[in-house]
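S.K.: sharing a model that was predicted from the sequence below.
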Amino acid sequence: MLLPILLLISTISLVEAGKLTPNKYELELTPEFFGDNSFTGKAKIHVDVTGSVEEFDLQVSKDLEVKKVIFWAADAIYRGNPNLKGGTATFKKDGDKIHVTLLGAITKEDIKIKGFIEIAYKGKAGKKGASKGLFLINDNDYGTNLKNGNAIYLFPILEDVAAPLTLSVITPYRAGVETKLKVGDHKSVEGEELISNNFNSGAEKIKVSNLEFKVNAPRVLILDSN
């Protein structure tokens, strides 16, 4: 009887372990210019799940201040849209990661329509000469380096696997964003003198660590008087 019992215990352990795997990234960044070089961010990590998951770790630099983590799940369609229900999770910082505990366990059935983690956070860009995450490349413009583990200095990471990706950089008018991603659209931000510069990877799947972009500060508009 010992062997069946061991097999049963092993099976239960596998079910309890569970795992979340990213299947899409939606990344939003709002950098400040001509100030303290701070930035705010919002990341949505869409996931698949195996087994049952109630706790998981996000890889995020200890230099980023995570404000909120919400898990959104939809198991049905309501009036043509996913019937999303969100639950604010608790989390505990531990070095370059946070341990997240959900309000309840999540299974494949819970997110059969959609499921994603939403993380709101803030941070500060590196000074000139820095080479991790987001940093100044001159007095006003920002560059990025997300390779070799540096992605966590700018974006929270569940697991650095290739997936479809969208990037939105919120800037003042006359600022510019350079990236190899496909150009999406540019939309005014309601109630703000800001514009959302939107890009996407199209049909291509990419890792967050392979994302490259540059954010140019707003340029003064000079009119030719001649």
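M.R.: Yep, it's here.

S.K.: any idea how far the residue nearest the centre of the chain is from Gly133?
M.R.: Nearest to the mean C-alpha position of the chain, counting by C-alpha atoms, centre = their mean, stands Ala43 at 2.7 Å. Taking C-beta to C-beta, to the nearest Å as the measure, Ala43 falls 13 Å from Gly133. In this view, the C-beta of every residue, glycine as well, is placed from N, C-alpha and C.

S.K.: where does pLDDT dip in the protein?
M.R.: 1-16, 220-226 (pLDDT under 70).

S.K.: how does it look with 90?
M.R.: Along the chain, the parts satisfying pLDDT under 90 run over 1-17, 34-35, 182-185, 203, 219-226.

S.K.: ranges for the helices of it?
M.R.: Taking DSSP state H as the test, the helices found in the chain are 2-17.

S.K.: so the residue nearest to the centre of the chain touches Phe116, yeah?
M.R.: No. Using C-beta atoms under 8 Å, Ala43 makes no contact with Phe116, being 9.6 Å away.

S.K.: now the common contact residues for the two.
M.R.: Counting by C-beta atoms under 8 Å, 6 or more residues apart in numbering, the shared contacts of Ala43 and Phe116 are Glu26.

S.K.: Leu102: what's it in contact with?
M.R.: Residues in contact with Leu102 (C-beta under 8 Å, 6+ apart) are Val53, Glu54, Glu55, Phe71, Gly87, Ala89.

S.K.: how near is Leu194 to Phe71?
M.R.: Plainly put, Leu194 is 28 Å away from Phe71 if you go by C-beta to C-beta.

S.K.: okay, those two: which has more neighbours?
M.R.: A direct count of neighbours by other C-beta atoms under 10 Å for Leu194 and Phe71 places Phe71 higher, at 25 against 16.

S.K.: right, and that one touches Thr90 too?
M.R.: No. In this structure Phe71 lies outside contact range of Thr90 using C-beta under 8 Å: 11.2 Å.

S.K.: give me the number of residues near the spatially closest residue to Lys127 that is not a sequence neighbour?
M.R.: Spatial nearest neighbour of Lys127, chain neighbours left out: Leu136 (5.9 Å); criterion: C-beta to C-beta, 6 or more residues apart in numbering. Here the count is done by other C-beta under 10 Å, and Leu136 has 17 residues near it.

S.K.: Leu136 pairs with what?
M.R.: Bridge pairing for Leu136 (DSSP bridges) gives the partners Tyr142.

S.K.: tell me the spacing between it and Thr144.
M.R.: 11 Å.

S.K.: again with Ile111
M.R.: According to C-beta to C-beta, Ile111 and Thr144 sit 31 Å apart.

S.K.: about what we covered before: contacting residues for the residue nearest to Lys127?
M.R.: Asn37, Ala125, Gly126, Lys127, Lys128, Ala130, Tyr142, Gly143.

S.K.: how about a cut-off of 7 Å?
M.R.: Asn37, Ala125, Gly126, Lys127, Lys128, Tyr142 (C-beta atoms under 7 Å, 6 or more residues apart in numbering).

S.K.: could you do Pro31 as well?
M.R.: Counted by C-beta under 7 Å, 6+ apart, Pro31 has contacts Phe39, Ala125, Leu134, Tyr142, Val215.
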